[in-house]
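Chemist: Give me a 3D structure for the following:
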Amino acid sequence: MKQYLSDFSKLIKFRLSFTVVFSASISFLIGQKMQVGRGHIPSIDWGNWLILIAGGFLVTAAANCFNEIIEKDLDKLMSRTKDRPMPAGRMTTGQGLILGVFMAFLGTWLLGKLNLETGLLSVFSILLYAFAYTPLKRKSPIAVFVGAIPGALPPLIGYLAAFGSLKAEMFHEIDYYIAGILFLIQFVWQFPHFWAIAWVLDDDYKKAGFRLLPTKKRDKTSALLTFLSTLILIPVSLLPTLYGFGGYYIAGLSLIAGLIFSWLAFKLLMSRELADAKKVMFCSFFYIPAVQLGLLLNFIAK
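Modeler: A predicted model of the protein is given here:
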């Protein structure tokens, strides 16, 4: 039983799935808080919140499952992935496919119960991640750009899910800005996040032919683009305050977090050492949940 649970966790990339669901659930709560403030609903609908979590987790797990089916033979080549259930021979691709299809349909159905747009976006996310980003990883660094799109959809999906049937009278002009900015913050964040991971794992990635660094190697240009992407993230993270739905506290938090992120990326640019790349990578893990939680607390405090 312990081995089965371990294999299932590796198959669905549990930590990645949890992170995705976390960002979607935070955005859902922000959207619900907006509606409570407008008097559209009396309180947060925790039942729909649980549906979003379950549906979002299943959809993300399905996308990861399809990714591993496609990359089974490549995963055998890398130290980081060779113990996953399919490359290790503990699960067949047929079994993985059945699980993936089941999770995809169930997750999409659950999200579709919230509103049609949420369900459609979840299908788009699966298709783009599994069947566009995954094969592109061996062809071109543009895979990072393509992968950043489904990677940034969870906060957008979560915010739209908060509005149920998306009736016109419930969705105001500011909601388009909020949804777009939540998507944009997570989209831009993924470039330094992906590139830092690619820098750290470059030796392992090369065994499978993955080309995720901007220049396909650990050089000054790749480090420079990583640094520049952290700089771009700073003004993007201040957009909630500039558009009037984030206060000065979240602006301060985003600015401090962004400056720390940029400083670590600058150190990588100067040294191009693996140790500095790891610091950028770990900082990226903390950056996005910290900013999203700060934004949620900002809405709660209003």
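Chemist: switch to C-alpha atoms for all contacts and neighbour counts from now on
Modeler: OK.
Chemist: Quick check: which element contains Thr108?
Modeler: Here Thr108, judged by DSSP states H and E, is contained in helix 93-114.
Chemist: For that helix, name the packing helices and strands.
Modeler: Taking 3 or more Cα pairs under 8 Å, 6 or more residues apart in numbering; DSSP states H and E as contact, the helices and strands that helix 93-114 lies on are helix 46-70, helix 116-128.
Chemist: For the stretch 151-300 of the chain, just list every one of the helices.
Modeler: For the stretch 151-300 of the chain, helices defined by DSSP state H, counting those that start in this stretch occupy the ranges 173-200, 202-208, 220-237, 239-242, 248-271, 274-301.
Chemist: which stretches of the stretch 201-302 of the chain have low pLDDT?
Modeler: Along the stretch 201-302 of the chain, segments meeting pLDDT under 70 span 302.
Chemist: can you list contacts of the helix holding Thr108?
Modeler: If you take Cα atoms under 8 Å, 6 or more residues apart in numbering as the criterion, helix 93-114 is touched by 48, 51-52, 54-59, 61-63, 65-66, 69, 86, 118-120, 122-123, 161-162, 164-165.
Chemist: Apply 7 Å and report the result again.
Modeler: Residues outside helix 93-114 that contact it (Cα atoms under 7 Å, 6 or more residues apart in numbering): 51-52, 55-56, 58-59, 62, 65-66, 69, 86, 118-119, 122-123, 161, 164.
Chemist: circling back to that earlier point, any idea which of the helices and strands packed on helix 93-114 is most buried?
Modeler: Highest mean neighbour count among the helices and strands packed on helix 93-114 (mean count of other Cα atoms under 10 Å): helix 46-70, with a mean of 23.
Chemist: could I get the helices of the stretch 151-300 of the chain as CSV with mean neighbour count and distance to Lys76?
Modeler: Formatted as CSV, these follow (neighbours: other Cα atoms under 10 Å; distance: least, Cα to Cα, whole Å):
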stretch, mean neighbour count, distance to Lys76
helix 173-200, 21, 18
helix 202-208, 17, 9
helix 220-237, 20, 27
helix 239-242, 18, 43
helix 248-271, 20, 30
helix 274-301, 18, 24
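Chemist: Can you lay out the ones you listed as TSV showing distance to Pro214?
Modeler: Output for these, formatted as TSV (distance: least, Cα to Cα, whole Å):
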stretch	distance to Pro214
helix 173-200	8
helix 202-208	12
helix 220-237	5
helix 239-242	27
helix 248-271	14
helix 274-301	14
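Chemist: and Ile44, which of the ones you listed is closest to it?
Modeler: helix 274-301 (11.5 Å; Cα to Cα).
Chemist: Packing partners of the closest one?
Modeler: With contacts defined as 3 or more Cα pairs under 7 Å, 6 or more residues apart in numbering; DSSP states H and E, the packing partners of helix 274-301 are helix 14-38, helix 173-200, helix 248-271.
Chemist: and with 10 Å instead?
Modeler: If contacts are counted by 3 or more Cα pairs under 10 Å, 6 or more residues apart in numbering; DSSP states H and E, helix 274-301 sits against helix 14-38, helix 173-200, helix 220-237, helix 248-271.
Chemist: so how far is that helix off the chain centroid?
Modeler: Here helix 274-301 is found 12 Å from its chain centre; the criterion is Cα atoms, centre = their mean, to the nearest Å.
Chemist: now the helices and strands packed on helix 274-301 as a markdown table including distance to Val146?
Modeler: Listed next are the helices and strands packed on helix 274-301 as a markdown table, based on distance: least, Cα to Cα, whole Å:
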| stretch | distance to Val146 |
| --- | --- |
| helix 14-38 | 17 |
| helix 173-200 | 10 |
| helix 220-237 | 16 |
| helix 248-271 | 22 |
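Chemist: which residue sits closest to Asn64, ignoring its sequence neighbours?
Modeler: Nearest-residue entry for Asn64: Ile12, 5.4 Å, with adjacent residues in sequence omitted and distances by Cα to Cα, 6 or more residues apart in numbering.
Chemist: for that neighbour, what are its contacts?
Modeler: 18, 57-68, 84, 96, 99-100 (Cα atoms under 10 Å, 6 or more residues apart in numbering).
Chemist: Report the contact partners of Val144.
Modeler: Contacts of Val144 (Cα under 10 Å, 6+ apart): 133-134, 136-137, 151, 190-191, 193-195, 198, 211-214.
Chemist: Repeat that for Phe191.
Modeler: For Phe191, the contacting residues are 144-145, 147-148, 197, 213-214, 225-230, 233, 284, by Cα under 10 Å, 6+ apart.
Chemist: how about 8 Å then?
Modeler: So Phe191 contacts Val144, Phe145, Ala148, Thr226, Ser229 (Cα under 8 Å, 6+ apart).
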